[in-house]
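# Quick one: sequence plus predicted model below, questions after.
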Amino acid sequence: MAHPEPKVRKKRLGSELRRLREESGISLQQAGETVDGDKTKMSRIENGRQGLRPLELKTLLDMYQVDPPMREALLALQRQSKQKGWWSQHSDKLKPDFQERLTLESDAVRIYAYQSVVVPGLLQTDAYATAVIRGTGSKRMSDEEVRTLVDLRLARQAIFDRDDAPQYLCILDESVLHRQVGGPAVTAAQLRNLVEVSDRPGIAVQVIPYSQGAYVGMDGPFTVYSYPDPMELDVVGLDNLDGGLYLEETGAVENYRSAFDQLRAAALSSRQSMDVISRVARDLENE
């Protein structure tokens, strides 16, 4: 069964249009009438439940007196909302919330990830990803289904090969290094891979050591996706058993940004983190 296209770009566009409308002191009804509708249509646009044509967007931007840089950014976002992602050929196998994550990853200029359980998918090796998918699936999957999901996970990592690759900072709880996903050899190879990818420009991995004790963020993993100026729109992604949850409200996003800053302060430096990761890898290799 085919799943619906993700709406994350429409939601981002709608959120920004709401902010601009409110700053302009224009009512929902007034804005809706400008695009041949009413407040109901405008509400649906701002909530990301309805798209709008380029001419309608330009009309709203004129009404809100948006400056040229912001205007071009919003028009570009509107064009992107109609584009299909590289994963569209597999959309029948992917839940909508996972397609949302792929869209967020594709568009972000910065991705800040905190993980307390496993290495994030964007940094996983083939064998490690296979073990994670097999071990965490809620239903038994065939070898073919597992292979498809692993290939998709590895394909996500191509964002780091782009000329405009996002900055990626990953903070791991030390327990992630010791959890033997797929066995000692698979985990050791995964840790060696973390050291290797950390040498790439724009990618950094830091570890929060056991000695840190209790710290902000122990409630669970999260990822902050940041987007280009001038919009400065951030989205927070949370994982749960049913899939993913995405937060866009300013207050909630700010809480997670603050939490990530505290996590960075609690973590070892990148160099110290690489030393710890390498030591754990050696211990696993000697088992």
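Nice, I can see it. Numbers count the residues shown, from 1 in each chain.
# On the pLDDT front, check the residue nearest to Ala189 when sequence neighbours are not counted for me.
Here the nearest residue to Ala189 in space, its sequence neighbours aside, is Thr125; by Cβ to Cβ, 6 or more residues apart in numbering that works out to 6.0 Å. C-betas here are computed from N, CA, C, even on glycine. Among the per-residue scores, Thr125 shows a pLDDT of 98.
# cool, and the one 5 residues further on?
At Thr130 the predicted local confidence, pLDDT, stands at 97.
# residues in contact with the helix or strand hosting it?
Thr130 belongs to helix 126-136 when elements are defined using DSSP states H and E. Surrounding helix 126-136, the residues in contact under the criterion Cβ atoms under 8 Å, 6 or more residues apart in numbering are 118-119, 121, 124, 141, 146, 149-150, 153-154, 181-183, 186-187, 189-190.
# Out of those, which end up buried?
118-119, 121, 124, 146, 149-150, 153, 181-182, 186-187, 189-190 (16 or more other Cβ atoms under 10 Å).
# Can you flag which of the residues you listed belong to helices?
Where those overlap with helices, as defined by DSSP state H, the overlap consists of 146, 149-150, 153, 186-187, 189-190.
# Near the residue nearest to Ala189, how many residues? Count them for me, please.
The burial count assigned to Thr125 is 21, neighbours taken as other Cβ atoms under 10 Å.
# circling back: as PDB, could you dump the C-alpha coordinates of the helix holding Thr130?
Listed next in PDB are the C-alpha coordinates belonging to helix 126-136 (Å, rounded to 0.1, in the frame of the first residue of the first chain):
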ATOM      1  CA  ASP A 126      26.100  -2.200   6.800                       C
ATOM      2  CA  ALA A 127      26.500  -5.000   9.400                       C
ATOM      3  CA  TYR A 128      25.500  -2.800  12.300                       C
ATOM      4  CA  ALA A 129      22.400  -1.500  10.500                       C
ATOM      5  CA  THR A 130      21.400  -5.000   9.700                       C
ATOM      6  CA  ALA A 131      21.700  -6.100  13.300                       C
ATOM      7  CA  VAL A 132      19.700  -3.000  14.500                       C
ATOM      8  CA  ILE A 133      16.900  -3.500  12.000                       C
ATOM      9  CA  ARG A 134      16.600  -7.200  12.700                       C
ATOM     10  CA  GLY A 135      16.700  -6.700  16.400                       C
ATOM     11  CA  THR A 136      14.300  -3.800  16.800                       C
END
